[in-house]
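*Asks:* Fold the stuff below for me.
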Amino acid sequence: MRILVKGAGVAGLTVAHELVRRGAEVTISDRSRNFHHAASWLAGGMLAPWCECESADEAVLTLGRDSADRWDAILPGKIVRNGTLVVAPNRDQNELKRFAGRTTDYRWVDEDEIAALEPSLAGRFHQGLFFPQEAHLDPREVLQSLKDDLSAKGVTFIDGLVDDDSFSEIIDCTGAARIGRIRDLRGVRGEMLYLQSDEIVLSRPVRLLHPRFPVYIVPRGEGLFMVGATMIETDFKGPITARSLMELLNAAYALHPAFAEAAVVETGAGIRPAFTDNLPRVTRQGKAILVNGLYRHGFLLAPAMAEKAADLVFYGHDERSRQCA
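*Replies:* Numbers count the residues shown, from 1 in each chain. Model (predicted):
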């Protein structure tokens, strides 16, 4: 079975991995040989289904609760299983209580426990929530490693257009490029920045709650931190706005004042494709199978959606749904 996968973001690469695992011959086409244009390149890489349930549908937890195990099977050793820490300034303790009321599988931690988890935050927060089962990964490292692994297994990467007629199946994972061509698919803009600081060490993603502008900070190692959280209902593709940059920097400073002296080494903005219910879909349209709408849950849900897409190819339906029926 010769299959063409369109798109080399996290959706396309995980779909290709699942297809190769099942014995298919796979070609991946993409407009660029690097990932810098894709929303996947700008992702936080948090495998945090319980935290996401604070604002997401229960289906995100159902699909994503085994995401860390799936990624470990795909790329052993690339997943950091240190959990997630959620904190809030003292004046915003109600936000922490609200968050706790909308999630599960956490424990309350006091000032001493926060200091034990993250010594850099000692004395800064009176209490927080710790989600021990959550994990994170470095999206850029994972994307490159997955591409290298697929190449080693015989997957062909093509830059540009391909003759679709020479393939038995086509799986379209082009994400935001399909906005305007898939019904109900819209763009949600996300903005981020990278900070470099030798004064702060974090071992896990830290979410700082705020009633207007919650933020997450994800360690990348060697003093590098990814800061993000914006969700703007627009498909404008321009660079990060001054307002978002200031908000992200202010939030980082609120987590730790040493971020005021950090170097801003990169800023970025990308468009995440989302359906009206903010849940991803795997559907068939004629010869093509469409995998889209991963919204802000790309790395969390991509392995599960890849399995669904492969089931459509090999069985003509979602095997997991059939088994549950």
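*Asks:* all contacts plus neighbour counts: C-alpha atoms, from now on.
*Replies:* Noted.
*Asks:* three-state assignment of Val26?
*Replies:* Per DSSP: H, G, I helix; E, B strand; the rest coil, the secondary structure class of Val26 is strand.
*Asks:* Can you check what pLDDT the model gives Asp165?
*Replies:* If you check Asp165, the pLDDT there is 89.
*Asks:* other SSEs contacting the helix ranked longest in the chain?
*Replies:* Using DSSP state H, we find that the single longest helix of the chain is helix 298-315. Counting contacts by 3 or more Cα pairs under 8 Å, 6 or more residues apart in numbering; DSSP states H and E, helix 298-315 packs against helix 10-21, strand 46-47, helix 58-64, helix 67-74, strand 281-285, strand 288-292, helix 319-324.
*Asks:* With Ile200 as the reference, name the closest of those.
*Replies:* Judged by Cα to Cα, the one of the helices and strands packed on helix 298-315 that comes nearest to Ile200 is strand 46-47, at 19.6 Å.
*Asks:* want to try TSV for the helices and strands packed on helix 298-315, with mean pLDDT as columns?
*Replies:* Formatted as TSV, the helices and strands packed on helix 298-315 follow (pLDDT from 0 to 100):
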stretch	mean pLDDT
helix 10-21	98
strand 46-47	98
helix 58-64	97
helix 67-74	98
strand 281-285	95
strand 288-292	97
helix 319-324	43
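*Asks:* would you list every one of the helices in the protein?
*Replies:* Under DSSP H, the chain gives helices at 10-21, 49-52, 58-64, 67-74, 93-101, 111-117, 139-152, 242-255, 298-315, 319-324.
*Asks:* chain center to the fourth one, what's the gap?
*Replies:* Meaning helix 67-74. Computed by Cα atoms, centre = their mean, to the nearest Å, the chain-centroid distance of helix 67-74 equals 14 Å.
*Asks:* Report the buried residues of it.
*Replies:* Residues 67-68, 70-71, 74 are the ones in helix 67-74 that count as buried (16 or more other Cα atoms under 10 Å).
*Asks:* List the contacts of that helix.
*Replies:* Helix 67-74 has contacts (Cα atoms under 8 Å, 6 or more residues apart in numbering) with 17, 47, 78-79, 81, 134-136, 300-301, 303-304.
*Asks:* again, but for the third one
*Replies:* In this structure, residues lying in contact with helix 58-64 by Cα under 8 Å, 6+ apart are 47-50, 52-53, 279, 300-301, 304.
*Asks:* what's the spacing between it and its chain's center?
*Replies:* Here the centre of helix 58-64 is set off from its chain's centre by 14 Å, with Cα atoms, centre = their mean.
*Asks:* Kindly export it (C-alpha atoms) in PDB.
*Replies:* Extracted C-alpha coordinates of helix 58-64, given in PDB (Å, rounded to 0.1, in the frame of the first residue of the first chain):
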ATOM      1  CA  GLU A  58     -13.600  15.900  28.400                       C
ATOM      2  CA  ALA A  59     -12.700  14.200  25.100                       C
ATOM      3  CA  VAL A  60      -9.200  15.900  25.300                       C
ATOM      4  CA  LEU A  61      -8.600  14.000  28.500                       C
ATOM      5  CA  THR A  62      -9.900  10.700  27.000                       C
ATOM      6  CA  LEU A  63      -7.800  11.000  23.900                       C
ATOM      7  CA  GLY A  64      -4.700  12.400  25.600                       C
END
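*Asks:* Please renumber the chain so that the first residue is 20 from this point on.
*Replies:* Yes, from this point I'll number from 20; that puts the last item at helix 77-83.
*Asks:* For that helix, buried residues please.
*Replies:* Residues 79-80, 82-83 are the ones in helix 77-83 that count as buried (16+ other Cα under 10 Å).
*Asks:* for the helices and strands packed on helix 317-334, which one sits closest to Arg117?
*Replies:* That would be helix 77-83 among these, by Cα to Cα, at 16.9 Å.
*Asks:* quick one, strands of the stretch 170-319 of the chain?
*Replies:* Here the stretch 170-319 of the chain has its strands, by DSSP state E, counting those that start in this stretch, at 175-178, 188-191, 205-215, 225-227, 234-240, 243-247, 282-293, 300-304, 307-311.
*Asks:* would you turn these into JSON lines with mean neighbour count?
*Replies:* Converted to JSON lines, the strands of the stretch 170-319 of the chain look like this (neighbours: other Cα atoms under 10 Å):
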{"stretch": "strand 175-178", "mean neighbour count": "15"}
{"stretch": "strand 188-191", "mean neighbour count": "22"}
{"stretch": "strand 205-215", "mean neighbour count": "23"}
{"stretch": "strand 225-227", "mean neighbour count": "22"}
{"stretch": "strand 234-240", "mean neighbour count": "22"}
{"stretch": "strand 243-247", "mean neighbour count": "25"}
{"stretch": "strand 282-293", "mean neighbour count": "20"}
{"stretch": "strand 300-304", "mean neighbour count": "16"}
{"stretch": "strand 307-311", "mean neighbour count": "23"}
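*Asks:* Nothing else from me, thank you.
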